[in-house]
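1. quick one: sequence plus predicted model below, questions after.
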Amino acid sequence: MADIITARSLVKRFGKVVRTEVLHGLDVAFEKGALTAVIGPSGSGKTTLLNIISLLESPSEGELVIEGRDFSAGDINRYAAYRNAHIGFVFQFHYLLPEFTALENILLPYWIGRGRPPAPLIERALSLMKDMAMLPIKDKYPNQISGGEQQRVAIARALVQEPKIVFADEPTGNLDRETGSAVLGIMTRMIRDLGTTLVIVTHDREIALKADRILELVDGRICKDFRLAETGERAARELLEDRSCDFEDPNDGGG
């Protein structure tokens, strides 16, 4: 299947006086319709990579192509319309607006981008809520529903405009394991039903093992990159337990 995102020689630096390089010339592509889990220790560059390929940050160097369109340079604000129309986001914290009902929160991306939602979109939002067992809470406010329900609302919000790509940053990190597993199951089922591309950042290796592909970052470089269908679950677990990496340390002079 074709790649929907391609990044070449991707570099990200932060700071003006003291420059810190977080990503070191990454070459990586994401397949259309696949579920990719990005894992790695804290500070490895996972969220930075996610922010760049989701057009929330610009790379310092390198090339970024999404659906054949070059997003390598320029003010990311120029890409706001594309993000709103084609990309969905799910974060660790749901970021629901407290003054809006669950249904209104789901419809917010359309409100922000285009104004009052048309009847077909409202029907789609209600259909999503039905599929995710949320119709009873459609008129409730965020402070009236549970954490798992709040995150399901956030997932429906990410999916309501049928985005081509959904990016999820620790989407179950604020939930207990049982609720998180249920929420993840709902999200992956909906994603696969829609044929949407999903890139998920997670510290949880059990979550990663539900993906089609696992990409591990260490110190801003790709340490491991493998597909579950090719390795099998047992070998995948062994790869995740193995702390070694294939890349060479640029600070190692060989002696």
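-> Noted; the coordinates are in hand.
2. worst-scoring helix or strand of the chain, pLDDT-wise?
-> The weakest-scoring helix or strand in the chain, judged by mean pLDDT, DSSP states H and E, is helix 177-194 (a mean of 81).
3. just give the closest residue to the residue most central in space within the chain, not the sequence neighbours.
-> For the chain, Phe167 is the residue whose C-alpha lies nearest the centre (CA atoms, centre = their mean; 2.0 Å). What sits nearest to Phe167 in space, not counting adjacent residues and going by CB to CB, 6 or more residues apart in numbering, is Ser54, at 4.3 Å. Bear in mind the C-beta positions are built from the backbone N, C-alpha and C, glycine included.
4. cool, and Val166?
-> The nearest residue in space to Val166 (CB to CB, 6+ apart) is Gly88, at 4.2 Å.
5. how far away is the one you found from Gly45?
-> 22 Å (CB to CB, to the nearest Å).
6. between the two, which is the more surrounded one?
-> Using other CB atoms under 10 Å, the more surrounded residue of Gly88 and Gly45 is Gly88, with 27 against 24.
7. using the three-state scheme, assign the more buried one.
-> strand (DSSP: H, G, I helix; E, B strand; the rest coil).
8. what's the separation between it and Ala125?
-> 13 Å.
9. may I have the least confident helix or strand of the chain exported as CSV, CA atoms only?
-> Presented in CSV, the C-alpha positions along helix 177-194 are these (Å, rounded to 0.1, in the frame of the first residue of the first chain):
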residue,chain,number,x,y,z
ARG,A,177,-5.6,0.0,32.4
GLU,A,178,-9.1,-1.5,32.0
THR,A,179,-10.7,1.7,30.8
GLY,A,180,-7.7,2.5,28.6
SER,A,181,-7.9,-0.9,26.9
ALA,A,182,-11.6,-0.4,26.2
VAL,A,183,-11.1,3.1,24.8
LEU,A,184,-8.1,1.9,22.7
GLY,A,185,-10.2,-1.0,21.3
ILE,A,186,-13.0,1.4,20.3
MET,A,187,-10.5,3.8,18.6
THR,A,188,-8.7,1.1,16.7
ARG,A,189,-12.0,-0.5,15.6
MET,A,190,-13.3,2.8,14.3
ILE,A,191,-10.1,3.6,12.6
ARG,A,192,-9.9,0.3,10.8
ASP,A,193,-13.6,0.6,9.8
LEU,A,194,-12.9,4.0,8.2
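10. which other helices and strands contact the helix or strand that it is followed by?
-> Using DSSP states H and E, the helix or strand that follows helix 177-194 towards the C-terminus is strand 197-201. Contacts defined by 3 or more CB pairs under 8 Å, 6 or more residues apart in numbering; DSSP states H and E place strand 197-201 against strand 3-14, strand 20-31, strand 35-39, helix 46-53, strand 165-169, helix 177-194.
11. and strand 197-201, C-alpha only, in CSV?
-> Coordinates of each C-alpha in strand 197-201 appear next as CSV, following Å, rounded to 0.1, in the frame of the first residue of the first chain:
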residue,chain,number,x,y,z
THR,A,197,-4.2,6.0,8.9
LEU,A,198,-3.3,6.1,12.7
VAL,A,199,0.0,7.1,14.2
ILE,A,200,0.0,6.6,18.0
VAL,A,201,2.7,7.6,20.5
